[in-house]
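Novice: Task: produce atomic coordinates for the following.
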Amino acid sequence: FEPVADDGRRYRFRAQKMPGQIVDLLHVPAGPWGTMGAGTVHHVAFRAADDEDQLRWQSELEEAGHAVTEVRDRNYFHSIYFREPGGVLFEIATDPPGFAVDEPAESLGERLMLPEWLEPTRNQIEAVLPPLEGAR
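Specialist: Here you go, the predicted structure:
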């Protein structure tokens, strides 16, 4: 992220010069923590190019005083988590290994793929999923 604006309270960062690539951070030291519930953000995820990039972020965050989780293998990517000062959960996830680890890239999306640990609940998961319009 590249800093693009700073008024002393709001800090704007841009990942790329494309729509949807801007993050605004507000500095409100005495502000209340957010609460979890319907209609709120569970977490915000950022991309790391690979494991090495992610470990660099983990080290920098720890050096800045953040409590960062160990790397978690999410089957399709590797994740680390930490909370920003307002309590929002941030994730930094790697691009690899990618969503083609358990099916060919040309058939991605044709059927629901689940990590091994969710397979026992496949029927319950599929029962609550809405049908996809225009599914191939």
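Novice: So Met18: helix, strand or coil?
Specialist: Three-state assignment for Met18 (DSSP: H, G, I helix; E, B strand; the rest coil): coil.
Novice: what about it, how many neighbours?
Specialist: Neighbours of Met18 under the rule other C-beta atoms under 10 Å: 8. In short, each C-beta sits where N, CA and C put it, glycine included.
Novice: do the one 10 residues further on as well
Specialist: Neighbour count of Val28, defined by other C-beta under 10 Å: 11.
Novice: Hmm, Gly86 and it touching each other?
Specialist: Yes - under the criterion of C-beta atoms under 8 Å, Val28 makes contact with Gly86 at 7.3 Å.
Novice: Return the distance of the strand ranked longest in the chain from the chain's centre.
Specialist: Determined from DSSP state E, the single longest strand within the chain is strand 89-97. Distance of strand 89-97 from the chain centroid (C-alpha atoms, centre = their mean, to the nearest Å) equals 6 Å.
Novice: what lines up beside it in the sheet?
Specialist: Strand pairing for strand 89-97, using DSSP bridges, gives strand 43-48 (parallel), strand 77-83 (antiparallel).
Novice: now the ones you listed in JSON lines, with distance to Trp33?
Specialist: Listed next are the strands paired with strand 89-97 as JSON lines, based on distance: least, C-beta to C-beta, whole Å:
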{"stretch": "strand 43-48", "distance to Trp33": "14"}
{"stretch": "strand 77-83", "distance to Trp33": "9"}
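Novice: Name the surrounding residues that touch the helix or strand of the chain with the lowest mean pLDDT.
Specialist: The element with the least model confidence among the helices and strands of the chain, by mean pLDDT, DSSP states H and E, is strand 22-26, at a mean of 85. If you take C-beta atoms under 8 Å, 6 or more residues apart in numbering as the criterion, strand 22-26 is touched by Phe1, Val4, Arg9, Arg10, Tyr11, Arg12, Phe13, Arg14, Ala15, Glu84.
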